[in-house]
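Trainee: Predicted model and sequence below, questions to follow.
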Amino acid sequence: MSEQTRPASPRIDRRGFLKIGGAVGAAAATGGLQAILAAGRAPAHAQGTQIHLLQWVDFIPEGDAELRRQAAEYTAHTKVEVRIESINANDLQARITAAIQSGTGPDIILMMHNWPHLYASALADVSDLCEWKAKDQGGYYAVSEAAARAGKRWLALPYGTGGILIAYRKSWFAAVGAAQPPRTLDEYRKVGAALKKTGRPVGQTLGHTFGDAPAWSYPLLWTFGGAETDATGKRVVLDSKGTMESVKWMTAFWNEACDEGALAWDDTNNNRAFHANEISATLNGASIFIYARRNPEKIKDERGQPMAQDIGHFPIPAGPRGPTPSYNVAFSHALMKYSRNQRAAKEFLRWLHAKEQFGKWFEIETGYSIGATTYWERHPMWDKVDAALQPFRVAVRNSRMIGYAGTPTAKASEALTKYVITDMYAKAVQGMPPAEAVRWAEAELKKIYEG
């Protein structure tokens, strides 16, 4: 997907900037943006300052362009240079580790999942920013708060949450008798099997990739009654009847319904396969539809018609214990302890996360990012988006956090980073007996939680 850039405007309505600046000024006794604009220059502590923000490469290119536009806007008015660096999401953790070990690097780093818990000792306290945002924007989704908060301390400032649903080809499903999305996993398996026989399999990765694999494997574990630990978060309880049943189901689903070449796909492969008319369904964010909708001449169905009109979304169907909890990737901005520009970085974050700036970015994301707080469910954008995107509006409400039934500690993050749960399913679909795959994963979790 080629990035579509937007011109960076050095001008902004002064009244609008003052409104945001007033809030920042209250947090910084010697002057926030209001004082900066009144004086016509950055405060002494910020003059000549450069803030380095490390981000992922967004699946919505226009969102990246808007973020860079906003950074240029901020720089033009504060004389604080904001430099944005974007890298592939799967490379972020290596950069985080290198920065912490060297004690130098980006001032602010975008983190996913509950990574802030894993790197807590290297992160500055941002509780003041988090409490301001919660009060200003309606309170956080449970998954966003769990990702960034440890007790009373906030480790990072929640930014957004990626909604995860199954994108599917409506006409293809209807052709095998599924006029409506499947309601249960067993129905999904039957529909998928029928589609695979026609050369239109389901595409589901079980690879070491940041989003689509854990967003599938964790909910699958939970909906069968499995869990990593008990409620204390100290005792591993993975080896259970529920976990075993989930592995057996996944093995059958894989063999009967899935593209078996998808085992090691990353978060881009399924997008490309879907747009190439190679798969009938895949768990994903809204990006598959959004890109097809914005590029009708490029993304067409097998008849040469714009594919977007044939794309719908549904949540992971219900399992044997009822509705399937979702796992949606939480995004947050972490301020690094080693940063020499913490004060300036906090002022920038408060400006970036304010309703005015975030709202512009949120509208461009068009449902790909749902926001970290409930305020954004009520945004007027939802009244204008395509019907196919409407399910994303509340997709985060039933999201659990990794580590269930315990708390999302650094150990839970380590288990995610090592892909223990995803690999349990991957080993089974490759031929390892389900009981052996579960025992392997149980042993790996014990090394992390009880070792």
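Mentor: Yep, it's here.
Trainee: what about residue 408, helix or strand, and which?
Mentor: Using DSSP states H and E, residue 408 falls within no helix or strand.
Trainee: Am I right that it is in contact with residue 117?
Mentor: Yes - at 6.2 Å, residue 408 counts as touching residue 117 under the criterion of CB atoms under 8 Å. In this view, the C-beta of every residue, glycine as well, is placed from N, C-alpha and C.
Trainee: which neighbours do the two share?
Mentor: Among the neighbours of residue 408, those also in contact with residue 117 (CB atoms under 8 Å, 6 or more residues apart in numbering) are residue 147.
Trainee: Can you name the residues that contact the spatially closest residue to residue 434 that is not a sequence neighbour?
Mentor: Counting by CB to CB, 6 or more residues apart in numbering, residue 247 is the residue found nearest to residue 434 once chain neighbours are left out, at 4.2 Å. The contact partners of residue 247, taken as CB under 8 Å, 6+ apart, are 424, 425, 428, 434, 437, 438.
Trainee: For residue 296, give its distance to residue 193.
Mentor: Separation of residue 296 from residue 193 (CB to CB, to the nearest Å): 31 Å.
Trainee: Between these two, which has more neighbouring residues?
Mentor: Looking at residue 296 and residue 193 with other CB atoms under 10 Å, you find the greater number of neighbours at residue 193, namely 18 against 13.
Trainee: would that one count as being in a helix?
Mentor: Yes - applying DSSP: H, G, I helix; E, B strand; the rest coil, one finds residue 193 inside a helix.
Trainee: mind listing the strands for the stretch 201-350 of the chain?
Mentor: 281-284, 311-314, 329-335 (DSSP state E, counting those that start in this stretch).
Trainee: To clarify, my last question referred to the stretch 51-200 of the chain.
Mentor: Ranges of strands in the stretch 51-200 of the chain, per DSSP E, counting those that start in this stretch, are 81-87, 108-112, 149-150, 153-154, 157-162, 165-169.
Trainee: Let's have the ones you listed in TSV, adding mean pLDDT and distance to residue 142.
Mentor: Listed next are the strands of the stretch 51-200 of the chain as TSV, based on pLDDT from 0 to 100; distance: least, CB to CB, whole Å:
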stretch	mean pLDDT	distance to residue 142
strand 81-87	97	29
strand 108-112	98	17
strand 149-150	96	10
strand 153-154	97	15
strand 157-162	96	10
strand 165-169	98	18
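Trainee: Of these, which is nearest residue 329?
Mentor: Using CB to CB as the measure, strand 157-162 is the one of the strands of the stretch 51-200 of the chain that comes nearest residue 329, at 4.5 Å.
Trainee: Show the contacting residues for residue 391.
Mentor: With contact taken as CB under 8 Å, 6+ apart, residue 391 is in contact with 165, 313, 314, 315.
Trainee: Quick check: closest non-adjacent residue to the third one.
Mentor: It refers to residue 314. Counting by CB to CB, 6+ apart, residue 181 is the residue found nearest to residue 314 once chain neighbours are left out, at 3.5 Å.
Trainee: What is the neighbour count of that neighbour?
Mentor: Applying other CB under 10 Å, we find 20 other residues in the vicinity of residue 181.
Trainee: And residue 379, by the same measure?
Mentor: Using other CB under 10 Å, residue 379 has 16 neighbouring residues.
Trainee: quick one: residue 421 and residue 213 touch, right?
Mentor: No - the pair residue 421 / residue 213 is not scored as a contact, 9.2 Å apart, by CB under 8 Å.
Trainee: need the contact list for residue 401.
Mentor: For residue 401, the contact set (CB under 8 Å, 6+ apart) comprises 114, 142, 143, 146, 147, 327, 330, 408, 412.
Trainee: I'd like the distance between it and residue 254.
Mentor: Distance of residue 401 to residue 254, given as CB to CB: 26 Å.
Trainee: One more: residue 346?
Mentor: Here the distance between residue 346 and residue 254 works out to 47 Å (CB to CB).
Trainee: Likewise for residue 269?
Mentor: 16 Å.
Trainee: Compare the two (neighbour count), which wins?
Mentor: Relative neighbour count places residue 254 above the other of residue 269 and residue 254, with 24 against 20, counting by other CB under 10 Å.
Trainee: right, and the more buried one touches residue 429 too?
Mentor: Yes - counting by CB under 8 Å, residue 429 is a contact partner of residue 254 at 4.1 Å.
Trainee: Return the residues in contact with residue 85.
Mentor: Listed by CB under 8 Å, 6+ apart, the contact set of residue 85 reads 52, 53, 54, 55, 106.
Trainee: Make TSV out of those residues and add neighbour count and distance to residue 450.
Mentor: Supplementary listing: the contacts of residue 85 in TSV, determined by neighbours: other CB atoms under 10 Å; distance: CB to CB, whole Å:
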residue	neighbour count	distance to residue 450
52	20	39
53	21	38
54	23	34
55	22	36
106	23	34
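Trainee: and which of these is nearest to residue 93?
Mentor: Of all the contacts of residue 85, residue 93 sits closest to residue 54, with 11.5 Å by CB to CB.
Trainee: just to revisit the earlier point, pLDDT check: weakest of the contacts of residue 401?
Mentor: In terms of pLDDT, the least confident member of the contacts of residue 401 is residue 408, at 91.
Trainee: Residue 364 is in what secondary structure piece?
Mentor: Going by DSSP H and E, residue 364 is in helix 355-365.
Trainee: Tell me the buried residues in that helix?
Mentor: By 16 or more other CB atoms under 10 Å, the buried positions in helix 355-365 come out as 355, 357, 358, 359, 361, 362, 363, 364, 365.
Trainee: could you point out which element follows it?
Mentor: Scanning forward in sequence from helix 355-365, with DSSP H and E defining helices and strands, the next element found is helix 410-417.
Trainee: what helices or strands is that following helix leaning on?
Mentor: Helices and strands touching helix 410-417, by 3 or more CB pairs under 8 Å, 6 or more residues apart in numbering; DSSP states H and E, are helix 115-118, helix 434-449.
Trainee: Tally up the residues packed near the spatially closest residue to residue 421 that is not a sequence neighbour, please.
Mentor: Nearest residue to residue 421 in three dimensions, chain neighbours excluded: residue 217, at 5.0 Å (CB to CB, 6+ apart). Using other CB under 10 Å, residue 217 is surrounded by 25 other residues.
Trainee: Also the one 10 residues further on?
Mentor: The burial metric for residue 227, expressed as a neighbour count using other CB under 10 Å, is 19.
Trainee: do residue 447 as well
Mentor: Applying the criterion other CB under 10 Å, we find 13 residues in the vicinity of residue 447.
Trainee: what do you get for residue 386?
Mentor: Applying other CB under 10 Å, we find 15 other residues in the vicinity of residue 386.
Trainee: what does residue 354 give?
Mentor: Taking other CB under 10 Å as the criterion, the count of residues near residue 354 is 20.
Trainee: That one and residue 318: what is the separation?
Mentor: When distance is defined by CB to CB, residue 354 is 39 Å away from residue 318.
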